[in-house]
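>>> could you look at this predicted model? Sequence included:
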Number of protein chains: 2
Amino acid sequence: MTEPINYDRPVSGISLAGSFADAWCHGYEKDSIGLIPCAEGGSSLDEWAIDGLLFRHAVEEARFAMETSELTGILWHQGESDSYHGGYKVYYNKLLLIFEALRKELGIPELPIIIGGLGDFLGKAGFGENCTEYKLINEELQRFALEQNNCYFVTAAGLASNPDGIHINAASQRKFGLRYFEAFSRRQHIFEPLEDENEILNSYNTREYTKSEKLYIKSMELALGKLSYEEFEYHLAEISKI
Amino acid sequence: MTEPINYDRPVSGISLAGSFADAWCHGYEKDSIGLIPCAEGGSSLDEWAIDGLLFRHAVEEARFAMETSELTGILWHQGESDSYHGGYKVYYNKLLLIFEALRKELGIPELPIIIGGLGDFLGKAGFGENCTEYKLINEELQRFALEQNNCYFVTAAGLASNPDGIHINAASQRKFGLRYFEAFSRRQHIFEPLEDENEILNSYNTREYTKSEKLYIKSMELALGKLSYEEFEYHLAEISKI
């Protein structure tokens, strides 16, 4: 796996999916995980309407994955683009229609959906300045997760943004992904930051690379012109000895 | 547009699609172009079989695009992974089945297909060392384009590879894209490098950015942490004055 996972723009960077997948691999060591990226930066809930392109594309991508894999959940994070002009008033019902249709189209009525909250940095500066009603959207997201079957809320408390005032920064995305995994694996809401977020991330970051990861890193260095082919072959032989 | 256009791996880099699109924009100034990336690095022709994932995924992606756009051609470049073990003997017929099915599925029987040749750096070193029969595949690709309706061959003569011995390097991809556009726009085979490839690329590279490109570059610098939000706002105001 490499990042950006969801390549909807050249600077999409780090998302919560990376550390979610890392935690998943630690939690289910005998299985393997695939991610189905279908997010679209800056999209409003209306852009996810049932007959719209994003919805239908996400369903198609999931169906391709389901030919070889079991679909076990949806990681949902959306709402900034509905955090103004009273968008919260219709948010719950719109979301309900979308999720009901998603589960129906995918043929999994009980498909778990993990629903992250919006960050407290919104409504203040930069691109996030206009998201003045983000707290009201957060209330709807939380109420939705509490009332609907197999939906779990994940708090964004304590997460920080990039200088643009709207995108969760990389370090916070890592924490958010851990919280999503906690909600996913325990089937419960996560209303507070995990106590050991930093320790878990540190243990992930300091583990030794596997053999195939080491080979992959060298092949990337070759592709980027940082290694000659002869140097690459040397590393290949060295790593294969391990 | 930003690169990599076809993000099938983190180091996919520059492809021929970039300069093709650039040439297209210069050739059809009043229209706008969209690219439908569906290549898969290292794939053999069998992996593009009609019932396979790559084929069906490409068709689905094209259909999404066709909801709002006219599909005007396919840029095809494949063959390295069939350049050994006698793959050339069955290549023509396999390709014919795939292209007939593609045109049928997309509902455009006369859809132009631009077919690039394989580079002369193959069969010699690195990852390309095993592609010993690339010349025989090239003969099949050329014969196919000559015999089939609305298929045009594009030579890879003079193009150079990365140190890995298999991937066309960035400078050569730019030239290749220009040749693809010549074949596409003139509806004719391109058997020789264009005489003015360097001049055309130089004119593209030295043109002034448009206003929206300038704004986009600044928003990327903001996203990458190279600008504070205040600096970004300053540049935004300056560019908007133009």
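Yep, it's here. Numbering: from 1, shown residues only, chains lettered A, B, ... in the order given.

>>> quick one: secondary structure of residue A:101?
Three-state assignment for residue A:101 (DSSP: H, G, I helix; E, B strand; the rest coil): helix.

>>> buried sites along stretch A:107-114?
Buried positions in stretch A:107-114, judged by neighbour count with 16 or more other CB atoms under 10 Å in any protein chain shown: A:108, A:111, A:112, A:113, A:114. Glycine gets a C-beta too; all of them are placed from N, C-alpha and C.

>>> export these to JSON lines and tack on distance to chain B and secondary structure?
Shown next, in JSON lines, are the buried residues of stretch A:107-114 (distance: CB to the nearest CB, whole Å; DSSP: H, G, I helix; E, B strand; the rest coil):
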{"residue": "A:108", "distance to chain B": "20", "secondary structure": "coil"}
{"residue": "A:111", "distance to chain B": "21", "secondary structure": "coil"}
{"residue": "A:112", "distance to chain B": "26", "secondary structure": "coil"}
{"residue": "A:113", "distance to chain B": "24", "secondary structure": "strand"}
{"residue": "A:114", "distance to chain B": "25", "secondary structure": "strand"}
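
>>> leaving out chain neighbours, which residue sits closest to residue A:91?
residue A:140 (4.6 Å; CB to CB, 6 or more residues apart in numbering or on different chains).

>>> chain center to the host helix or strand of that neighbour: distance?
Taking DSSP states H and E as the criterion, residue A:140 maps to helix A:134-147. Relative to its chain's centre, helix A:134-147 lies at 18 Å (CA atoms, centre = their mean, to the nearest Å).

>>> what mean pLDDT does that helix get?
When pLDDT is averaged along helix A:134-147, the result is 98.

>>> for that helix, which residues meet the burial criterion?
A:134, A:136, A:137, A:138, A:140, A:141, A:142, A:144, A:145.

>>> what of stretch A:158-175?
For stretch A:158-175, by 16+ other CB under 10 Å, it's A:159, A:161-169, A:172-175.

>>> quick check: mean pLDDT of that stretch?
Mean pLDDT, computed over stretch A:158-175, is 96.

>>> output it as CSV, nothing but the C-alphas.
C-alpha atoms of stretch A:158-175 as CSV (Å, rounded to 0.1, in the frame of the first residue of the first chain):
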residue,chain,number,x,y,z
GLY,A,158,-8.6,16.8,19.3
LEU,A,159,-7.7,16.5,15.6
ALA,A,160,-5.9,19.4,13.9
SER,A,161,-6.1,20.8,10.4
ASN,A,162,-3.6,21.8,7.7
PRO,A,163,-3.0,25.6,7.4
ASP,A,164,-5.9,25.6,4.9
GLY,A,165,-8.3,25.4,7.8
ILE,A,166,-10.4,22.5,6.4
HIS,A,167,-8.3,19.4,5.7
ILE,A,168,-7.3,17.2,8.7
ASN,A,169,-3.5,17.1,8.8
ALA,A,170,-1.5,14.0,8.4
ALA,A,171,-0.7,13.2,12.0
SER,A,172,-4.4,13.6,12.9
GLN,A,173,-5.5,11.5,10.0
ARG,A,174,-3.4,8.7,11.5
LYS,A,175,-5.2,9.0,14.8
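
>>> contact partners of the helix holding residue A:140?
By CB atoms under 8 Å, 6 or more residues apart in numbering or on different chains, the residues outside helix A:134-147 that reach it are A:79-80, A:82-83, A:87-88, A:91-92, A:95-96, A:115-119, A:122-123, A:151-153, A:156, A:189.

>>> what comes into contact with stretch A:119-132?
Residues outside stretch A:119-132 that contact it (CB under 8 Å, 6+ apart): A:80, A:83-84, A:118, A:133-135, A:156-157, A:159-161, A:163-168, A:172, B:229.

>>> just to revisit the earlier point, give me the buried entries from the contacts of helix A:134-147.
When these are checked for burial by 16+ other CB under 10 Å, the buried set is A:79-80, A:82-83, A:87-88, A:91-92, A:95, A:115-119, A:122-123, A:151-153, A:156, A:189.

>>> let's see which of those end up in helices.
Among the buried ones among the contacts of helix A:134-147, the residues falling in helices (DSSP state H) are A:88, A:91, A:92, A:95.

>>> separation between the nearest residue to the first one once chain neighbours are set aside and chain B?
Excluding the flanking residues, the one nearest residue A:88 by CB to CB, 6+ apart is residue A:136, at 3.8 Å. Spatial separation of residue A:136 from chain B under the definition CB to the nearest CB, to the nearest Å is 25 Å.

>>> what's the answer for residue A:11, then?
From residue A:11 to chain B the distance is 4 Å (CB to the nearest CB).
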